[in-house]
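Participant: here is my input, please return the structure:
(2 chains)
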Amino acid sequence: MILFERVSKRYPNGREALTNVSFRIESGEMVFLTGRSGAGKSTVLKLVALLERPTRGTVTVNDKNTGRLKAGHIPAFRRQLGVVFQDHKLLADRPVFDNVALPLVVAGTALKEIDKRVRAALDQVGLLGKERILPAELSVGEQQRVGIARAVVSKPPLIIADEPTGNLDPELSLEVMRLFRRFSDVGVTVLVATHDQHIVRELAKREIVLASGEVQGEGPDAMPHVVARR
Amino acid sequence: MSPAIFGTRHLQALLGSLGRLQRNALATALTLLVIGLALALPAALGLFVTNAQSATGGFGHAIDMSVYLKADVPLAKAQQLAAAARQRAGVAQVTVIPADEGLEEFRKYSGFGAALDALKSNPLPDVLHVVPRRGASSAADVESLRRYFTAWPEVDVVQLDTEWVLRFNAILAVLRRLVLIAAALLGAGVLAVVGNTIRLEILNRRAEIEVTKLVGGSNAFVRRPFLYTGLLYGLGGAVLAWAILEAAVLVLDQPVATLAQLYGSSYALQGPTGQVLAALFGGGMVLGWLGAWISAHRHLRSIEPRA
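Facilitator: Reported below is the predicted structural model:
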């Protein structure tokens, strides 16, 4: 589903964010991407979402080599992908329904179908009945869940999330992560970047640890400090 | 994508643009006013030229010539010549003014009555008063008619004044060019106004555009509402320009009728024709759409999502 082969990324300002990174995430897997801030987690997600292209190496997502994808094919590529952000990137002037419906509207889904799917997605994140509310009237946790509903509404085979619990208290964080686990249980591939070790331990999923732009290890066992704390 | 969904998406974009314009009513009104004025100006100038042209169609009857026959030509011959002239294409009317009648008229209007009484015989010849047909009153037509009469041996002098017709037509030609120049300049102005307005809106909606692209919105999808906005600006500007033209016609109607009356004409000011309106609306909408397209093409490319 996601394949990084000796991927390096150097930004125009000369900073090398990733060096020789290789890993593979199978279809239906849920994987945590951890590491300190600046370790390259966001860069990995940007390469997956085709917000950036690799400087060296190849990134393959949904069987597509992102380095070779033409600009005209990027929109279709992104429709196969649900993205959740720490700042959730909701449109403040549109009600919850319109925010969640956006990926479907963009894809040209019929109105009746949009209505059905948006309700289903809001139901999944526990926000059914809040369709007409503006995001600002919701709590931070609810806003994050609207962002998740938007990411899953078009039933993409792959969901990536960048620090989705960054602004949430531990209890809400766990709730959001369980939501992701539920999607992975039904066969969706989920890649979550987080620095929240508590959550990683709690969900007991595979972990890819980045440090200074390199893969330091995989799985909870590969993290000495985590093992030490146990 | 089925045609129904395609239509729905366009309708959504159109309604979305309408709603957005309505929410920013004041800014929209100001932009529409600028576009409306820019469209109304060349249209009004065009209307003026059209009216001037139609009015001179009325002046066609004022273009006439007096054909003075030689003194020894008998009245019967004059009648015969008039009948022949009436057969000629391009001649609307030929009136024979017999020498006696001419003298009578002269006595009445010139104020030289007493002096004329002193004359033993009538010094005036018979005269043919010729009025060209409406469609044949151009300078060249009138000149060819003059030559036709001069060629007759019975004709002494043909008197006419075509100089003013030539001058008037030349003025109209200059004005017609002016209309073109004004239309081109103000059309470019409309492009710039719409383009800049759309540019500002794109910058205002940057976050929304980024998110839309992030969830897989194509450039065409992102561009569509802006193109509809441009089209609506053009349409609204054209409606406003039409209203301005009709108002101007309404205000000018009475004075123009009075002026025409003073010239012995019943000419009434003509409002914009279907052709003018079609040009106004077609031009407005094309310019609005084009301005939006240029702006969207330039500025949307630079907005790419960043995480």
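
Participant: domains of the chain?
Facilitator: All of this is about chain A. For chain A, automatic domain parsing gives the domain ranges A:1-80+A:158-230, A:89-155.

Participant: wait, I meant chain B there
Facilitator: B:3-58+B:166-300, B:64-161.

Participant: the residue of chain B found nearest chain A in helix, strand or coil?
Facilitator: Of all residues in chain B, residue B:216 sits closest to chain A, at 3.6 Å by CB to the nearest CB. Quick note: C-beta positions are derived from backbone N, CA and C, even for glycine. At residue B:216 the chain is in coil, as set by DSSP: H, G, I helix; E, B strand; the rest coil.

Participant: wait, doesn't residue B:97 sit right on residue B:125?
Facilitator: No: taking contacts as CB atoms under 8 Å, residue B:97 lies outside contact range of residue B:125: 9.7 Å.

Participant: run through the bridge partners of residue B:127.
Facilitator: residue B:68, residue B:97 (DSSP bridges).

Participant: just give me the neighbour total for residue B:219.
Facilitator: For residue B:219, the tally of surrounding residues (other CB atoms under 10 Å in any protein chain shown) stands at 16.

Participant: any low-confidence regions in chain A?
Facilitator: Within chain A, the segments meeting pLDDT under 70 span A:220-230.

Participant: show me what from it comes close to chain B.
Facilitator: Counting by CB under 8 Å from any CB of the partner chain, chain A comes close to chain B at A:42, A:45-46, A:49, A:51, A:75-79, A:81, A:83, A:85, A:89, A:91, A:102-103, A:105-111, A:150, A:154, A:162.

Participant: how about the residue of chain B closest to chain A, phi and psi?
Facilitator: Backbone torsions for residue B:216, taken as degrees, to the nearest 10, come to phi 100, psi 20.

Participant: could you do residue A:211 as well?
Facilitator: Given degrees, to the nearest 10, the pair of backbone angles that residue A:211 has is phi -140, psi 130.

Participant: residue A:134 now?
Facilitator: phi -80, psi 150.

Participant: not counting its neighbours along the chain, what's nearest it?
Facilitator: residue A:95 (5.7 Å; CB to CB, 6 or more residues apart in numbering or on different chains).

Participant: wait, that neighbour touches residue A:133, no?
Facilitator: Yes: in this structure, residue A:95 is within contact of residue A:133 by CB under 8 Å, at 6.2 Å.

Participant: quick revisit: more neighbours, residue B:97 and residue B:125?
Facilitator: Neighbours were counted for residue B:97 and for residue B:125 using other CB under 10 Å; residue B:125 has more, 21 against 18.

Participant: tell me which strands and helices the longest helix along chain A is in contact with?
Facilitator: For chain A, the helix with the greatest residue count under DSSP state H is helix A:170-185. Applying 3 or more CB pairs under 8 Å, 6 or more residues apart in numbering or on different chains; DSSP states H and E, one finds that helix A:170-185 contacts strand A:30-34, helix A:140-152, strand A:158-162, strand A:189-193, helix A:197-203.

Participant: for that helix, buried residues please.
Facilitator: For helix A:170-185, the neighbour count (16 or more other CB atoms under 10 Å in any protein chain shown) marks A:172, A:173, A:174, A:175, A:176, A:177, A:179, A:180, A:183, A:184 as buried.

Participant: contact partners for residue A:93?
Facilitator: Listed by CB atoms under 8 Å, 6 or more residues apart in numbering or on different chains, the contact set of residue A:93 reads residue A:134.
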